[in-house]
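Visitor: The following block contains a protein sequence and its predicted model.
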Amino acid sequence: EDQVTQSPEALRLQEGESSSLNCSYTVSGLRGLFWYRQDPGKGPEFLFTLYSAGEEKEKERLKATLTKKESFLHITAPKPEDSATYLCAVQAGGSEKLVFGKGTKLTVNP
Amino acid sequence: DTGVSQDPRHKITKRGQNVTFRCDPISEHNRLYWYRQTLGQGPEFLTYFQNEAQLEKSRLLSDRFSAERPKGSFSTLEIQRTEQGDSAMYLCASSRGTGWDEQYFGPGTRLTVT
């Protein structure tokens, strides 16, 4: 069964304090790994898709990387507006569904 | 793109009642997905459509749940004889359907069963 585990469950940072979120996965034939941001009471907002080990993508203060067993979301010099829950999901070969982790709730204090 | 829209945004119902939710995908997106999310959890897949064909269903989709996409545009999700355990956020997503493409989510419908 495909599984996604995210750590830590919650992370508090000071503004400007860089850190990384982890997403470990087990999947039969990875088609893609997805990162989403979710604000309270709203639907997930698409951030990145990674398809193969070694791939990296960047957007503003966020950088996502992928290995054969895990993905990292690096946040450089975060701002309070980066506070949200970050969700990781995998898509396996032969299926269109996304399998999500429970997310990491990030709080950035000014 | 105007984004995925869902209606209603909030629904409160009594146990045993039937409810129906609507999802309008991004125009020209061929695939439409339904997920359910409870507090502190990630979204869980329920079902997906390629145009009007329902191609995949989760074990979570019990006989009380039914989804349709009759003309390959908007979709409805109906829950019959609601139970308190059905209380959750119901999320709809759509994608272009051109292979390995990302899913864009709507704002969700928050269902509370009393």
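Guide: Nice, thanks for sending it over.

Visitor: so how many other residues sit close to whichever residue of chain A sits closest to chain B?
Guide: Chain A approaches chain B most closely through A:F100 (3.0 Å), counting by CB to the nearest CB. Where you see a C-beta, it was placed from the backbone N, CA and C, and this is true even at glycine. For A:F100, the count of nearby residues is 22 (other CB atoms under 10 Å in any protein chain shown).

Visitor: Look up which residues are beta-bridged to it.
Guide: For A:F100, the beta-bridge partners under DSSP bridges are A:A89.

Visitor: these two touch, right, it and B:T38?
Guide: No - with contact defined as CB atoms under 8 Å, A:F100 and B:T38 do not form a contacting pair (11.8 Å).

Visitor: Now the element after the lowest-mean-pLDDT helix or strand in chain B, going C-ward?
Guide: Every helix and strand in chain B was compared by mean pLDDT, DSSP states H and E; the lowest is strand B:53-57, with a mean of 93. Next helix or strand after strand B:53-57 toward the C-terminus (DSSP states H and E): strand B:65-68.

Visitor: That next one pairs with which strands, parallel or anti?
Guide: Counting by DSSP bridges, the strands paired with strand B:65-68 are strand B:75-79 (antiparallel).

Visitor: Which residues does the helix or strand following the partner strand contact?
Guide: As assigned by DSSP H and E, the chain's next helix or strand after strand B:75-79 is strand B:88-95. Contact with strand B:88-95 is made by A:43-44, B:4, B:6, B:21, B:23, B:25-26, B:29-38, B:43, B:75, B:77, B:101-106, B:108-111, as judged by CB atoms under 8 Å, 6 or more residues apart in numbering or on different chains.

Visitor: ditto for stretch A:25-35
Guide: Here stretch A:25-35 makes contact (CB under 8 Å, 6+ apart) with A:2-5, A:23, A:46-51, A:62, A:64, A:66, A:69-71, A:73, A:86-94, A:98-99, B:100, B:102-103.

Visitor: Return the set of buried residues in that stretch.
Guide: Using 16 or more other CB atoms under 10 Å in any protein chain shown as the test for burial, stretch A:25-35 gives A:25, A:27, A:30-35.
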